[in-house]
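1. Would you be able to build a 3D model of this:
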Amino acid sequence: MGFVRTLPAEVFAVPNVLVVAAHPDDEVLGCGGTLVRHVSAGDAVHVLIVAQGVLARKSASAEDLALHREAANRAAEAMGVKSLTLGDFPDNRLDSVDRLDVTRFIEERVAATLPQTVYTHHYGDANVDHRRVAECALTACRPLPGSSVKRVLLFETPSSTEWGNAANAFTPNWFVDISATLDRKLAAVREYAGELRDFPHPRSEDGVTHLARWRGATAGVEAAEAFVLARSVER
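-> Below you'll find the model as predicted:
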């Protein structure tokens, strides 16, 4: 594989984090509070969005896509991430794209950012794009010799993960305290105002807040984001 390399020690001087998400807003809904924590700690956070977003909707236009991408840039700025890469794969049609093409797209970004920690979707999600991105990200981050990736964490996306396959239900075993960063997560969520719905829809501001409070209560803190640890390699 051309993307695998022997890494010099200085690569790890500033921890690198990569989020691999299917659509704009998934990165904020799934791990926005955790990303702000990484940024506050001095980590370099990179976000990769694979698919276009919105264009699967009947009424969506090229203008809607442009506005959605502007929202993604504003959300990235609100969280303080170092880079945002927006892919152009078809929205809600990733099952029609060769898996190898998506995997290589992710591999290229892994090679460019050399992350130690990668966040991506859970593989039991109801959304086909989320499932495909999870599969391809796990392949792109496989622990080959020389890989920078030490940990892969799978996040939940409100209004999608909880509606997924019961046989592959999201059962978190990793929690990150976002009590101090929940407000900044919600500020980033608001940049995607066009994607928000009225409560009691899960993808509402109240829904996102209640989920953070519930995950926090589960872990004994005021607010948290929950993950499934897919892989951890200590070197």
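
2. Would you confirm that Phe130 contacts Glu27?
-> For the record, residue 130 is His, not Phe. No. Between His130 and Glu27 there is no contact under CB atoms under 8 Å: 11.9 Å. Glycine gets a C-beta too; all of them are placed from N, C-alpha and C.

3. chain center to the stretch of helix or strand Leu229 belongs to: distance?
-> In the assignment (DSSP states H and E), Leu229 maps to strand 224-232. Remark: strand 224-232 is offset 12 Å from the chain centroid, using CA atoms, centre = their mean, to the nearest Å.

4. Also stretch 145-153?
-> How far stretch 145-153 lies from its chain's middle: 16 Å, per CA atoms, centre = their mean.

5. Then stretch 215-227?
-> Worked out by CA atoms, centre = their mean, stretch 215-227 lies 18 Å from the chain centre.

6. Could you do stretch 89-106 as well?
-> For stretch 89-106 - counting by CA atoms, centre = their mean - the centre lies 16 Å from the chain centre.

7. What mean pLDDT does it get?
-> The pLDDT scores in stretch 89-106 average 95.

8. Over to stretch 136-147?
-> Mean predicted lDDT for stretch 136-147 stands at 96.

9. Pull out the buried residues from that stretch.
-> The neighbour-count check on stretch 136-147 (16 or more other CB atoms under 10 Å) flags 136-138, 140-141, 147 as buried.

10. residues near Ser232, how many?
-> Neighbours of Ser232 under the rule other CB atoms under 10 Å: 12.

11. Identify the residue nearest it in space, chain neighbours excluded?
-> In this structure, Ser232 finds its nearest non-sequential neighbour in Arg151, 4.9 Å apart by CB to CB, 6 or more residues apart in numbering.

12. quick one, what contacts that neighbour?
-> By CB atoms under 8 Å, 6 or more residues apart in numbering, the residues touching Arg151 are 116-118, 229, 231-233.

13. got TSV for those, with distance to Thr218 and pLDDT too?
-> Converted to TSV, those look like this (distance: CB to CB, whole Å; pLDDT from 0 to 100):
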residue	distance to Thr218	pLDDT
Gln116	26	97
Thr117	22	98
Val118	23	98
Leu229	15	98
Arg231	22	95
Ser232	21	95
Val233	26	92
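
14. tell me the pLDDT at the closest residue to Leu94 other than its chain neighbours?
-> Excluding its sequence neighbours, the residue lying closest to Leu94 (CB to CB, 6+ apart) is Arg132, at 4.0 Å. Looking at Arg132, its pLDDT stands at 97.

15. okay, now Arg132: neighbour count?
-> Residues lying near Arg132 (other CB under 10 Å) number 25.

16. elements contacting the helix or strand hosting it?
-> Taking DSSP H and E as the criterion, Arg132 maps to helix 128-140. For helix 128-140, the packing partners by 3 or more CB pairs under 8 Å, 6 or more residues apart in numbering; DSSP states H and E come out as strand 16-21, strand 44-51, helix 99-113, strand 117-121, strand 151-155.

17. how far away is the residue nearest to Ser232 from Ala21?
-> 17 Å (CB to CB, to the nearest Å).

18. and if you look at Ala230?
-> Ala230 sits 15 Å away from Ala21, going by CB to CB.

19. Mind checking which of those two has more residues around it?
-> Neighbour comparison, Ala230 and Ala21: the larger count goes to Ala21, with 29 against 18 (by other CB under 10 Å).
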